[in-house]
Each structure stands twice: as C-alpha cells, then as structure tokens.
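Novice: kindly generate the corresponding structure for this input.
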Amino acid sequence: MSTSAALAPALLPRHIAIIMDGNNRYGKVNHLPKGHGHVAGKDALDPIVEYCVDTGIEVLTVFAFSSENWQRPPSEVTLLMQLLTSTIHEQMPRMDKYRIRLRFIGDRSPLSAELQALMADAEEKTAHFDAMTLVIAISYGGQWDIAHAAKQLAKQVQAGELCADDIDKDLLGRHVQLADAPAVDMLIRTGGEYRLSNFLLWQSAYAELFFTKTLWPEFRAAELASMVAEFAQRQRRFGKTSEQIACAQQFP
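Specialist: Purely as a prediction, here's the structure:
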C-alpha cells in the first residue's frame, strides 16, 4: 500500500505537474547508446500514471518537450519526436483500460502534420473518459502560454469585442492553457535541478514545489507517494495567515 493511500480526498492534490528531468544523465551514467536515456524515461511514465489513477488524482501534467528543446541537436529532436509518437500509440490502450482522458498543451505549429493529427485523434477518442486526465506538454513554454493568452485578448479588444479596462487576472486566466482544469497544486522536478524551466508558470502560481535528485527514469510511484503524503502535511495559506487558516478549518 502506498504512503498516500489512506489520505482523505480533501488532502490530496487535485493536479500534479512533473518536470521529467534527467534522461540524458541517466543514459550517460548507465553507458547507454546516445538518446536511449529518453527511451528509459518514456517507460517510467506508466507506473506514475497508474499510481495517480489509483490514488484519485484528477490531473497529471508532464513536461515532455519544451519550446526551448527545439534548440537541441537535430538528431536528438528527431528522436524525441519519434518517442512522442510511439508514446501516444502505446498510451492509447492504457487510456481505454483506465478510462483516462489524454490531452496535449503547447504550440503545435512546429510539429509535423502527422504528429498533430495523431494528437488530435487521441484527444477525440479519449474526450469522454473521466477517471483522470493525463496532459502531455509538447512544444510548450509558460511564457509562450501567457503571451498567447494576451494575444487572444488583444485581438478581442482590436475587434471591439472587449474593453481593455475589463482585462484582469481572472479573464487572462481563462485564456491560458488548461484554463478548464484545476490549478497545479503540486509541482515536481526530478533530476536534481532547482528551477521551473518555464513550465506552467501561470497555472503553478500557488503550487507546492518538490525537488528530487532522482533521475526521471529511476523515479518510482513510491517516491511520488511519499511526496503526496508530505503535501498533505503542508499548510497552504494563499496569502492568509496561519491563524486565519486554522479558524477556517475549525469553523468551515
């Protein structure tokens, strides 16, 4: 039984986001052929998804390929695109088995027409599943996300459909990616680095942050369960004092 299995639903994070870092270092440490660390990383996702479904997590978002990753060597980018394609094919039976909705966020314009079509087909076929939502961020960047939302609002102002004075954080928030999903409660980065790397900047405004030295291919559900148990012990104040939170809990 996982460390977090007995937690009350109210104590669980609704939305977990993971920066899956450490694939290349895993490959080097284990003397794998170039790029095969990413292959190992692809296989590490399945048990994490299963844990989240079993535990009652509503949304799991994973950072598969950032907007900055296009700057990597062409051979590595090609491999990553191939792995993303195979990941989607491999995940579809699992999505059906566990009734998981599959979604993608990010700028799709640089992706091949074939990959875009595959993504759209996967989203359509799983749109009615409601056990959990798995979101894969591809060609995604938090700054791009916010700028894209601002551009949509600017076009509405230009068209006379919106007054600039009516734009506030709530309206902007309705135009970023995953606007219809719960905000990120818990953001995890594997691989030992301590930065957000432009991931879900808006959506993670009040996320609890967790960092681990474990490389992504070695990250296991047991470690995630321990993090979820720690999450349940943290007091999330959202700008309020500890006394205010305690009072609200005592007199809901």
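Novice: SS state for the residue sitting nearest the centre point of the chain?
Specialist: With distances taken as Cα atoms, centre = their mean, residue 61 lies nearest the centre of the chain, 2.1 Å away. Put simply, residue 61 is strand when judged by DSSP: H, G, I helix; E, B strand; the rest coil.
Novice: isn't it right up against residue 20?
Specialist: No. Here residue 61 does not reach residue 20: they are 10.7 Å apart, not a contact under Cβ atoms under 8 Å. For every residue, glycine as well, the C-beta is placed using N, CA and C.
Novice: so where is the stretch 151-252 of the chain shaky, pLDDT-wise?
Specialist: Along the stretch 151-252 of the chain, the parts satisfying pLDDT under 70 run over 236-252.
Novice: list the buried residues in stretch 220-233.
Specialist: For stretch 220-233, burial by neighbour count (16 or more other Cβ atoms under 10 Å) applies to 221, 223, 224, 225, 226, 227, 228, 229, 231.
Novice: list the residues that contact the residue nearest to the residue nearest to the centre of the chain when sequence neighbours are not counted.
Specialist: Leaving out its chain neighbours, the residue that sits closest to residue 61 by Cβ to Cβ, 6 or more residues apart in numbering is residue 135, at 4.0 Å. Residue 135 makes contact with 59, 60, 61, 62, 103, 104, 105, 178, 181 under the criterion Cβ atoms under 8 Å, 6 or more residues apart in numbering.
Novice: just checking, next helix/strand downstream of the helix or strand that residue 135 is a member of?
Specialist: Assessed by DSSP states H and E, residue 135 sits inside strand 132-140. Using DSSP H and E, the helix or strand that follows strand 132-140 in sequence is helix 142-158.
Novice: could you say what helices and strands that following helix packs with?
Specialist: Applying 3 or more Cβ pairs under 8 Å, 6 or more residues apart in numbering; DSSP states H and E, we find helix 142-158 packed against helix 169-173.
Novice: now the helix it packs on: buried residues?
Specialist: Under the neighbour-count criterion of 16+ other Cβ under 10 Å, helix 169-173 has residue 172 buried.
Novice: any idea how far it is from the middle of the chain?
Specialist: Its chain's C-alpha centre and that of helix 169-173 lie 20 Å apart, by Cα atoms, centre = their mean, to the nearest Å.
Novice: what's next to that helix, contact-wise?
Specialist: In contact with helix 169-173 (Cβ under 8 Å, 6+ apart) are residues 146, 149, 150, 153, 179, 202.
Novice: out of these, which are buried?
Specialist: Members of those classed as buried by 16+ other Cβ under 10 Å are 146, 149, 153, 202.
Novice: quick check, the first one in contact with residue 177.
Specialist: Right, the one you point to is residue 146. No. Assessed by Cβ under 8 Å, residue 146 is found out of contact with residue 177, at 9.6 Å.
Novice: about what we covered before: could I get the contacts of residue 135 as a markdown table with distance to residue 211?
Specialist: What follows is the contacts of residue 135, written out as a markdown table (distance: Cβ to Cβ, whole Å):
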| residue | distance to residue 211 |
| --- | --- |
| 59 | 21 |
| 60 | 18 |
| 61 | 17 |
| 62 | 16 |
| 103 | 26 |
| 104 | 26 |
| 105 | 23 |
| 178 | 22 |
| 181 | 23 |
